[in-house]
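J.: for reference, the sequence and a predicted model appear below.
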Amino acid sequence: MRLGYLPNGMKFNSLELGDGYATMIFDYKGRKVFFTQTQYGQEVSYKHKSTSDYDKQVFNKWLNQTFHVEKEVKSNDEVRYETTIVINGIYYGLSATLEEDEFIKMVERLTY
């Protein structure tokens, strides 16, 4: 899977490869954006379970999938958005501290 949209100013930082996973790390306005692909399910991922009642559904027409976006307000009042999905046995996760509309655009434009 690949990112079909990057907010203006978002730059590739690094790639972390491990046993069965790859995480691309980007920099955006001094914050990190993480895009992970792994053969393992989310129960063994780094995913933090949000305690927020926020759960926005975002439809991606390119993948014909609905993504559930969660929001976490961090202790410094920054807002982190996150979504995960499993397609054909592969787990994909996107998480970032950035504006909600930019995160939604990224989710809507994920593609193969």
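T.: Looks like it arrived, so ask away.
J.: so Lys32 touches Thr97, yeah?
T.: Yes. Counting by CB atoms under 8 Å, Lys32 touches Thr97, with 7.4 Å between them. In short, each C-beta sits where N, CA and C put it, glycine included.
J.: between these two, which has more neighbouring residues?
T.: Taking neighbours as other CB atoms under 10 Å, Lys32 and Thr97 compare with Thr97 leading, 19 against 15.
J.: quick one: the residue positioned nearest the centre of the chain and Ser75, what's the gap?
T.: Centroid-nearest residue in the chain, with CA atoms, centre = their mean: Leu94, separated by 1.0 Å. Using CB to CB, to the nearest Å, Leu94 is found at 22 Å from Ser75.
J.: Phe34 is in contact with the residue nearest to the centre of the chain, correct?
T.: Yes. Assessed by CB under 8 Å, Leu94 is found in contact with Phe34 at 7.2 Å.
J.: would you list every one of the helices in the chain?
T.: Applying DSSP state H to the chain gives helices spanning 100-108.
J.: quick one: low-confidence parts of it?
T.: Scanning the chain with the threshold set as pLDDT under 70 gives 40-52.
J.: got the phi/psi numbers for Met74?
T.: Actually, residue 74 is Lys rather than Met. Here is the backbone geometry of Lys74 (degrees, to the nearest 10): phi -80, psi 170.
J.: number the chain from 17, please
T.: From this message on, residue numbering opens at 17, which makes the last subject Lys90.
J.: from Tyr128, how far out is it?
T.: Lys90 sits 32 Å away from Tyr128, going by CB to CB.
J.: ok, now Tyr97?
T.: For Tyr97, the distance to Tyr128 (CB to CB) stands at 22 Å.
J.: neighbour count: these two, which is higher?
T.: Tyr97 (24 against 8).
J.: got the contact list for that one?
T.: Val85, Glu86, Lys87, Glu88, Ser111, Ala112, Thr113, Leu114, Glu116, Phe119 (CB atoms under 8 Å, 6 or more residues apart in numbering).
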